[in-house]
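>>> Quick one, fold the following:
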Amino acid sequence: MLKIRMSEIPNPKRQDISSGTAVAPGDWLGVIEEFIPSEGTYEGEDGSIYSSTGGKVVIDEHKIAVHCARDLVVPARGIKGIGQVTSVKKQIATLNLFKIGNRVLNIPMSAVIHISNSSHSYVRSMFDVVRPGDWIYCVIIKPGVPAHVSLVGREFGVLKGFCNYCGRELNQFKGTLLKCSNCDEIQPRIVAVDYGSIL
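Residues are numbered from 1 along each chain as shown. Okay, here's the model as predicted:
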């Protein structure tokens with residue numbers, strides 16, 4: 001059975017961007033009105049600047065760069081990981097990967113799940129798959145910035161879920177349904193076979 005303790009995973013609190021800030025691939029760094037994108041960065045369609053690699057931010061006057069971390073993990077297709085969901089839309093969810101294979105990352109890696117990679121069965125909305133704050137077990141299907149991951153397969157899915165309404169932990173109830181330990185709200189998820197293994 002898969003077991004991991006929360007104390008093994010770095011704290012994902014957001015920091016202000018300044019020289020020396022540790023960032024992951026895909027992290028927001030600023031806007032082009034403020035900085036000129038340089039090494040290790042790219043400009044998004046919205047005029048924002050993002051990190052294209054994991055490492056530390058270097059700001060030199062109006063230029064912003066990211067110097068690659070020496071121990072950066074570049075995952076390959078088929079490697080399994082553990083991450084926390086950061087946002088959910090109808091067709092896609094984003095997450096930060098904190099563990100890839102057997103390695104805990106000091107700098108989390110950005111990833112996305114598309115609804116087509118969430119289940120063998122028909123799924124109406126990603127809100128029926130995961131919610132922000134959920135911890136999930138997934139497999140990388142396309143490396144990159146961000147990495148694309150899948151939940152297809154019995155072993156993959158939510159490892160620890162939290163109630164949409166009161167924020168308390170959800171317990172297994174029936175099939176793909178989870179029940180809040182506090183308010184008894186019942187909510188759908190794509191549940192991993194090892195649900196509850198994050199302590």
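>>> Any idea how many residues pack against the nearest residue to Pro25 once chain neighbours are set aside?
Nearest residue to Pro25, sequence neighbours excluded (C-beta to C-beta, 6 or more residues apart in numbering): Val145, at 4.1 Å. Using the backbone N, CA and C atoms, a C-beta is placed for each residue, glycine as well. Counted by other C-beta atoms under 10 Å, the residues lying close to Val145 total 17.
>>> again, but for Arg131
If you count neighbours by other C-beta under 10 Å, Arg131 ends up with 21.
>>> quick one: it and Gly161 touch, right?
Yes. Using C-beta atoms under 8 Å, Arg131 is in contact with Gly161, at 6.8 Å.
>>> Need the overlap of contacts for those two.
Shared contacts of Arg131 and Gly161 (C-beta atoms under 8 Å, 6 or more residues apart in numbering): Gln187, Arg189.
>>> ok, and the helix or strand in the chain with the lowest average confidence?
The weakest-scoring helix or strand in the chain, judged by mean pLDDT, DSSP states H and E, is strand 22-23 (a mean of 81).
>>> which other helices and strands contact the next helix or strand along the chain from it?
Following strand 22-23 in sequence order, the next helix or strand is strand 28-31 (DSSP states H and E). For strand 28-31, the elements it packs on are strand 48-51, strand 63-68, judged by 3 or more C-beta pairs under 8 Å, 6 or more residues apart in numbering; DSSP states H and E.
>>> out of those strands, which comes closest to Thr86?
strand 48-51 (14.2 Å; C-beta to C-beta).
>>> what comes into contact with the closest one?
Contacts of strand 48-51 (C-beta under 8 Å, 6+ apart): 23-32, 35, 37, 40-44, 57, 64, 66, 145.
>>> got the buried residues for that strand?
The neighbour-count check on strand 48-51 (16 or more other C-beta atoms under 10 Å) flags Ile49, Tyr50, Ser51 as buried.
>>> can you name the farthest residue from the center of this protein?
Glu61 (31.5 Å; C-alpha atoms, centre = their mean).
>>> Contact partners for it?
Here Glu61 is in contact with no residues (criterion: C-beta under 8 Å, 6+ apart).
>>> Quick check, pLDDT for it.
Confidence at Glu61, expressed as pLDDT, is 85.
>>> What's the separation between it and Val130?
Glu61 sits 41 Å away from Val130, going by C-beta to C-beta, to the nearest Å.
>>> if we can go back for a sec, CSV for the helices and strands packed on strand 28-31, including distance to Val104?
Shown next, in CSV, are these (distance: least, C-beta to C-beta, whole Å):
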stretch, distance to Val104
strand 48-51, 20
strand 63-68, 19
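>>> how does this structure divide into domains?
The record's domain parsing of the chain by automatic domain parsing lists 22-68, 80-188.
>>> which of the contacts of strand 48-51 are buried?
For the contacts of strand 48-51, a neighbour count by 16+ other C-beta under 10 Å gives the buried set as 23-27, 29-30, 35, 37, 40-41, 57, 64, 66, 145.
>>> and the most centrally placed residue in the chain, bridged to which residues?
Among the residues of the chain, Leu95 comes closest to the average C-alpha position under C-alpha atoms, centre = their mean, at 1.8 Å. Taking DSSP bridges as the rule, Leu95 bridges to Val85, Ala111.
>>> Perfect, I'm done here.
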